[in-house]
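J.: what shape does this take:
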Amino acid sequence: MTKMTLAKALNAGLRRAMEDDPKVLLMGEDVGKLGGVFRITEGLQKDFGEDRVLDSPLAESGIIGTAVGLAMRGYRPVCEIQFDGFVYPAYDQIVSQVAKIHFRTRGAVRMPMVIRIPYGGGIGAVEHHSESPEAQFAHTPGLKVVTCSNPADGYVMIQQAIASDDPVIFFEPKRQYHSDKAEVDEGAELTAAAPLFTSKVVRPGSDVTLVAYGPMVKTCLKAAEAAAAEGRSIEVIDLRSLSPLDLGPVEESVRRTGRIVVAHEAHTNLGMGAEVAARISERCFYSLEAPVLRAGSYDTPYPPSRIEEDYLPDLDRVLDAVDRTFEF
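T.: Numbering: from 1, shown residues only. Alright, predicted model coming up:
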């Protein structure tokens, strides 16, 4: 077991995947010599060579288009989109090609590709560098969409995504890259880990269910800790997979607690919380003591960095939603 940050855990996971399979390639802007702007791929070009860690031009559509051809020829490309807001030039390739080829060919052609996207706010970045576009990709049939929230999951999930024969959009919470360290078992077998497309209960509770993913998991755990000091027990569930959604643990929890709040950094309107709310309302209607509530960002474009902390859902906004569930 080694203590490491999320950035180091992802680096270690990529390294192990490349050691295990010579068909795994890394592609992106500055991923080679520089090691990526967040240093996620640091040292990999030096160890695996320029033929397997490719520095691309500043052309996201070209990165994904090239990766499509490589994947069709049996390689497993891992593409880095440097920042979340840069993904849109590649959006056409992703929704028109990556998501559809397996279906167009009636299963004859697989698309084993991972598209890594740093996402979310909290780093004081400029415009186009702090977005939460996950719902747009989760809404696209043919794509798998996952996001890690901690180093241990990051290490395992990136390897599981690379091993998948389906295209995986892998969202990484950039504010967590270099923050907390956690124990990571680098010798663990992937077969012993939780399957990629599953959710996890990360804090048991009995009074209300709090569902989150990515950067909001840490905030929700802090909210649960604060609530415990006042005698309220919050169960926190990390979704991890956004498409497909694994709501089994959420449903089981709601049938016990009768209350649920869904939190995410993305703006609330038509976000992932809306889909969770709809499904839980359908499946757990008679167990609910209150409406499904959501805590998210405001329905505006991402603001200048000096006011982003007012825009992003924080501890108080989450706890306010929790309090409101008990008013019904």
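J.: can you pull out the strands in this structure?
T.: Using DSSP state E, the strands found in the chain span residues 2-4, 24-28, 53-55, 76-80, 114-119, 144-147, 168-173, 182-184, 200-203, 208-212, 234-238, 241-243, 260-267, 293-297.
J.: pull out the buried positions in the first one.
T.: Read it as strand 2-4. Of the residues in strand 2-4, Met4 count as buried by neighbour count, 16 or more other CB atoms under 10 Å. All C-beta spots, glycine's among them, are computed from the backbone N, C-alpha and C.
J.: name the helices or strands packed onto that strand?
T.: Strand 2-4 is packed against strand 182-184, with contacts defined by 3 or more CB pairs under 8 Å, 6 or more residues apart in numbering; DSSP states H and E.
J.: for the strand it packs on, which positions count as buried?
T.: By 16+ other CB under 10 Å, the buried positions in strand 182-184 come out as 182, 184.
J.: pull the contacting residues for Ser149.
T.: Ser149 sits next to 173, 176, 212-215, 217-218, 238, 240 when contact means CB atoms under 8 Å, 6 or more residues apart in numbering.
J.: tell me the pLDDT of it.
T.: The model reports Ser149 with a pLDDT of 97.
J.: measure it to Gly296 for me?
T.: Using CB to CB, to the nearest Å, Ser149 is found at 16 Å from Gly296.
J.: follow-up on the earlier one: just the strands of the chain: most buried one?
T.: Comparing the strands of the chain by mean neighbour count (mean count of other CB atoms under 10 Å), strand 208-212 ranks first with a mean of 29.
J.: so how far is that strand from its chain's centroid?
T.: In terms of CA atoms, centre = their mean, to the nearest Å, the centre of strand 208-212 is found 17 Å from the chain centre.
J.: likewise stretch 89-103?
T.: 19 Å.
J.: same check on stretch 72-90?
T.: Taking mean C-alpha positions (CA atoms, centre = their mean), stretch 72-90 and its chain are 15 Å apart.
J.: in it, what counts as buried?
T.: Neighbour-count burial for stretch 72-90, with 16+ other CB under 10 Å as criterion, is recorded at 72, 75-88, 90.
J.: ok so, going back, out of the contacts of Ser149, who's nearest Gln160?
T.: The shortest approach to Gln160 among the contacts of Ser149 belongs to Arg240, at 10.6 Å (CB to CB).
J.: contacts only, for that closest one.
T.: 146-149, 153, 157, 196-200, 213, 246.
J.: would you turn the residues you listed into JSON lines with distance to Met18?
T.: Shown next, in JSON lines, are the contacts of Arg240 (distance: CB to CB, whole Å):
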{"residue": "Val146", "distance to Met18": "20"}
{"residue": "Thr147", "distance to Met18": "22"}
{"residue": "Cys148", "distance to Met18": "19"}
{"residue": "Ser149", "distance to Met18": "24"}
{"residue": "Asp153", "distance to Met18": "20"}
{"residue": "Met157", "distance to Met18": "16"}
{"residue": "Leu196", "distance to Met18": "18"}
{"residue": "Phe197", "distance to Met18": "23"}
{"residue": "Thr198", "distance to Met18": "25"}
{"residue": "Ser199", "distance to Met18": "28"}
{"residue": "Lys200", "distance to Met18": "27"}
{"residue": "Tyr213", "distance to Met18": "27"}
{"residue": "Asp246", "distance to Met18": "28"}
